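Trainee: Need a 3D model of the following:
(chains A and B)
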Number of protein chains: 2
Amino acid sequence: MTRDFSVAVLGATGAVGRSLIELLEKRNFPTRHLKLFASERSAGQTIHFRNAEITIQNIAEFYNETFDTSFLCLNNQLVREHRSRILANSNKVIDNSSAFRMEPETPLIIPEVNLDDLNKDHSYVAVPNCSAIIMLMAVAPLRTLGKIERVIISTYQSASGGGAAMMDELIEQSHAHLQGNSIKPRITPFPYAFNLFSHNTPINDLGYNGEEWKVIEESRKILKQPNLGINVTCVRVPILRCHSESITVEFADRRPSVEEIQAVLQSASGIRLVDDPKNNHFPMPSEASKQCDVFVGRIRHDLSHAQAISLFVCGDQLYKGAALNAIQIGESMIDLGYL
Amino acid sequence: MTRDFSVAVLGATGAVGRSLIELLEKRNFPTRHLKLFASERSAGQTIHFRNAEITIQNIAEFYNETFDTSFLCLNNQLVREHRSRILANSNKVIDNSSAFRMEPETPLIIPEVNLDDLNKDHSYVAVPNCSAIIMLMAVAPLRTLGKIERVIISTYQSASGGGAAMMDELIEQSHAHLQGNSIKPRITPFPYAFNLFSHNTPINDLGYNGEEWKVIEESRKILKQPNLGINVTCVRVPILRCHSESITVEFADRRPSVEEIQAVLQSASGIRLVDDPKNNHFPMPSEASKQCDVFVGRIRHDLSHAQAISLFVCGDQLYKGAALNAIQIGESMIDLGYL
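Mentor: Modelled structure (predicted):
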């Protein structure tokens, strides 16, 4: 017997919200009814879902009903202010924001990596940072080959991480640049078309920006390695969706062969191996966009360290980096009988 | 008394050739007469230089004259075939190609780094790989702070490294993408607009592409550290000019403070420190384009290694990565009385 669930999406009109609705349909999530909520500004618009148009409701109306599952695609401030009220109206809340990720009692879940951290009593679950998810999808499975001591990451992050508005602005700026017009960035801190810039989150006293700090803290929590060494540099490149990452993994005791790594990743869930040196064909945003798998390739020994290997990953930031991971948490709750 | 020199540019119509002519004028290189050569296809075109239009000559005509200095902006094959003939007609040859860089008797020069490797008898000098130059401009000065053991690099390389044709194609593909038209790459191996791909040079048996191998071999030669550990991943991003690089440097014995590093780089020739965490302002292609300095910033301790630091660099690939470095070699020869 399969049950169907009442589902709410809060923040339905943003880039993650729209991807979530797209994927609820594509993956045939067992939805009895779906209600979509957003700010007053968006209320009244409609979004297509399963041969119907669903009208966006003002988020204030959310509290008039109760839901089996509520997916949050809201900013941190809204989640901080309203979490307890949202929980009062939802059996399970799956949150894409970073508001409570590092709370010790909050499970921070990548289903392929640490589903064990989820139990039936958890009513609030956080989706990790997109760069952390995409990196860990490739790195976590390698733990079967030996203890990981240090991970070195440089990211090539897309506009989608800054939301629909940043994606629109990259397109606008690119038009302007190609027409020889000057660019006046509105959302991006610097010109974005045909340019790159350090991730636009505040820098802490140690010189790390907010995105980098999330990758460090969240990865340690997810892997339960509080002392894991993580060197990370987060950079925005002029690409619409998909984050790519250049990654080096240092093992504590031995270096696995390239074949061992390929075999582990080949059989890892949610990974597509794209590793074709003959044709110089490796993970790329143009191919990973709107794909559920994280693409991994360029697997090779790091010639500068006896126990290190390097690889390159690319994953859709809106899908596995956010909406897909959230839905997979919901699917896992159903499979485990928690929902 | 200043002398003026007869100068030839072979391959004058390519991206590097044009930058070279631009910079010979900007830097007021002491040119008595400048002759420009290119393939038959380009012969007869003109290029502006110091209030005059110089007519491009067929490269075959080069051999009718002799020159004090010949700058080569030719492909490897042409240089391999014709070097000895070119040398017969030139007092000094400065070559941007990679044809003979690793020849033990060939000086491979970044003037700020290893001018000592150049002596008066050298008639043929090679300009290093662009990614190696831009990285070493920031890394080499740090040797005064301690022995460097390992360098870890991920690059964000622009279209200019693939020549004028690749720059044109990035613009064309971007137009097509924005207009919703399909992209059929001609020169780039994969779509380039709003995409990135692993550097398009053949992959060797160890899994490294040609560009990465150059960075490894040439950096070791330039620094005279044949065993220097270098981990490098070369990636092309959809940017027109300027290569950026995310770099981690591991020292052998101690970790310098951020202030020590800033002080060393502040006083290093050819470096501009752009390191403003408060405003999230760091090196970017939009600011480093057509600049002679290599921009360096994001200087911070690597929290995953007790003796490592990280930084981010950005330099104009056509300028310091090629044409400017070539001209600086010529200027150094003049200063040293070798020319």
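
Trainee: quick one, strands of the stretch 1-150 of chain A?
Mentor: Shown for the stretch 1-150 of chain A, the strands assigned by DSSP state E, counting those that start in this stretch span residues A:5-10, A:31-38, A:46-49, A:52-55, A:57-58, A:67-72, A:90-95, A:124-126, A:148-156.

Trainee: any idea of the mean pLDDT for the second one?
Mentor: Spelled out, that is strand A:31-38. Mean per-residue pLDDT for strand A:31-38: 96.

Trainee: One more: the fourth one?
Mentor: For strand A:52-55, mean pLDDT rounds to 97.

Trainee: Quick check: neighbours of it in the sheet, parallel or antiparallel?
Mentor: Next to strand A:52-55 in the sheet, as set by DSSP bridges, lie strand A:46-49 (antiparallel).

Trainee: now swap in the second one and tell me
Mentor: Here strand A:31-38 has these sheet partners by DSSP bridges: strand A:5-10 (parallel), strand A:57-58 (parallel).

Trainee: Let me have the strands of the stretch 1-150 of chain A in JSON lines, extended by mean neighbour count.
Mentor: Where C-beta positions appear, they are placed from N, C-alpha and C, glycine not excepted. Below are the strands of the stretch 1-150 of chain A laid out as JSON lines (neighbours: other CB atoms under 10 Å in any protein chain shown):
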{"stretch": "strand A:5-10", "mean neighbour count": "24"}
{"stretch": "strand A:31-38", "mean neighbour count": "20"}
{"stretch": "strand A:46-49", "mean neighbour count": "15"}
{"stretch": "strand A:52-55", "mean neighbour count": "12"}
{"stretch": "strand A:57-58", "mean neighbour count": "16"}
{"stretch": "strand A:67-72", "mean neighbour count": "25"}
{"stretch": "strand A:90-95", "mean neighbour count": "22"}
{"stretch": "strand A:124-126", "mean neighbour count": "23"}
{"stretch": "strand A:148-156", "mean neighbour count": "24"}
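
Trainee: so which of the strands paired with strand A:31-38 comes closest to residue B:208?
Mentor: Residue B:208 sits nearest to strand A:5-10 of all these, at 45.2 Å, using CB to CB.

Trainee: Next, count neighbours for the closest residue to residue A:122 other than its chain neighbours.
Mentor: Spatial nearest neighbour of residue A:122, excluding adjacent residues (CB to CB, 6 or more residues apart in numbering or on different chains): residue A:107 at 5.2 Å. Residue A:107 has 19 neighbours, counted by other CB atoms under 10 Å in any protein chain shown.

Trainee: these two touch, right, residue A:107 and residue A:118?
Mentor: Yes. Counting by CB atoms under 8 Å, residue A:118 is a contact partner of residue A:107 at 5.0 Å.

Trainee: Between those two, which contacts overlap?
Mentor: Each of residue A:125 lies in contact with both residue A:107 and residue A:118 under the rule CB atoms under 8 Å, 6 or more residues apart in numbering or on different chains.

Trainee: where do the helices sit along the stretch 101-250 of chain A?
Mentor: Applying DSSP state H, counting those that start in this stretch to the stretch 101-250 of chain A gives helices spanning A:111-114, A:130-139, A:164-178, A:210-223.

Trainee: Would you mind listing the buried residues in the longest one?
Mentor: When you say that, I think you mean helix A:164-178. Across helix A:164-178, burial judged by 16 or more other CB atoms under 10 Å in any protein chain shown covers A:164, A:166, A:167, A:169, A:170, A:171, A:172, A:173, A:174, A:175, A:177.

Trainee: Cross-check the residues you listed against chain B and keep the overlap.
Mentor: Among these, the residues lying close to chain B (CB under 8 Å from any CB of the partner chain) are A:171, A:174, A:175.

Trainee: which regions of chain A lie under the pLDDT threshold?
Mentor: The model of chain A has pLDDT under 70 over residues A:1-2.

Trainee: And the residue of the stretch 51-200 of chain A closest to chain B?
Mentor: residue A:154 (3.7 Å; CB to the nearest CB).

Trainee: list the contacts for that residue?
Mentor: A:232, A:233, A:235, A:245, A:246, B:154, B:233, B:246.

Trainee: 7 Å instead, please
Mentor: Counting by CB atoms under 7 Å, 6 or more residues apart in numbering or on different chains, residue A:154 makes contact with A:233, A:235, A:246, B:154, B:246.

Trainee: got the buried residues for the helix or strand that contains residue A:310?
Mentor: Using DSSP states H and E, residue A:310 sits within strand A:308-315. For strand A:308-315, a neighbour-count test (16+ other CB under 10 Å) marks A:308, A:309, A:310, A:311, A:312, A:313, A:314, A:315 as buried.

Trainee: list the helices and strands that strand packs on?
Mentor: Packing partners of strand A:308-315 (3 or more CB pairs under 7 Å, 6 or more residues apart in numbering or on different chains; DSSP states H and E): helix A:130-139, strand A:243-251, helix A:285-288, strand A:294-301, strand B:229-233.

Trainee: Dump those into TSV; add mean neighbour count as well.
Mentor: Listed next are these as TSV, based on neighbours: other CB under 10 Å:
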stretch	mean neighbour count
helix A:130-139	27
strand A:243-251	25
helix A:285-288	22
strand A:294-301	24
strand B:229-233	24
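
Trainee: so which of the strands of the stretch 1-150 of chain A gets nearest residue B:65?
Mentor: Short answer: strand A:148-156, nearest of these by CB to CB, at 47.5 Å.

Trainee: Tell me what angle the closest one forms with strand B:229-233.
Mentor: Going by axes from the mean of the first three to the mean of the last three CA atoms, to 10 degrees, strand A:148-156 is angled at 40 degrees with respect to strand B:229-233.

Trainee: So in that sheet, which strands flank strand A:148-156, and in what orientation?
Mentor: The strands beside strand A:148-156 in its sheet (DSSP bridges) come out as strand A:229-233 (parallel), strand A:243-251 (antiparallel).

Trainee: CA atoms only: put that strand into PDB for me.
Mentor: What follows is strand A:148-156, C-alpha atoms only, in PDB (Å, rounded to 0.1, in the frame of the first residue of the first chain):
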ATOM      1  CA  ILE A 148      40.900  10.600   4.200                       C
ATOM      2  CA  GLU A 149      43.100  13.200   5.900                       C
ATOM      3  CA  ARG A 150      42.800  16.300   3.900                       C
ATOM      4  CA  VAL A 151      40.700  17.600   1.000                       C
ATOM      5  CA  ILE A 152      41.900  20.500  -1.200                       C
ATOM      6  CA  ILE A 153      39.100  22.200  -3.300                       C
ATOM      7  CA  SER A 154      38.900  25.000  -5.700                       C
ATOM      8  CA  THR A 155      35.300  25.700  -7.000                       C
ATOM      9  CA  TYR A 156      34.000  27.000 -10.300                       C
END
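
Trainee: quick one, what contacts residue A:249?
Mentor: Residue A:249 neighbours (CB under 7 Å, 6+ apart): A:139, A:142, A:148, A:151, A:308, A:309.

Trainee: let's see it at 6 Å
Mentor: By CB atoms under 6 Å, 6 or more residues apart in numbering or on different chains, residue A:249 lies in contact with A:139, A:148, A:151, A:309.

Trainee: how near is the closest residue to residue A:268 other than its chain neighbours to residue B:99?
Mentor: Once flanking residues are discounted, residue A:268 sits nearest to residue A:141: 4.2 Å by CB to CB, 6+ apart. Per CB to CB, to the nearest Å, residue A:141 is found 43 Å from residue B:99.

Trainee: picking that back up, looking at the helices of the stretch 101-250 of chain A, spot the one closest to residue A:294.
Mentor: Residue A:294 lies closest, by CB to CB, to one member of these: helix A:130-139, at 4.2 Å.

Trainee: quick one on the thing from earlier: let's have the helices and strands packed on strand A:308-315 in JSON lines, adding distance to residue B:262.
Mentor: As requested, the helices and strands packed on strand A:308-315 are exported to JSON lines (distance: least, CB to CB, whole Å):
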{"stretch": "helix A:130-139", "distance to residue B:262": "27"}
{"stretch": "strand A:243-251", "distance to residue B:262": "26"}
{"stretch": "helix A:285-288", "distance to residue B:262": "34"}
{"stretch": "strand A:294-301", "distance to residue B:262": "33"}
{"stretch": "strand B:229-233", "distance to residue B:262": "24"}
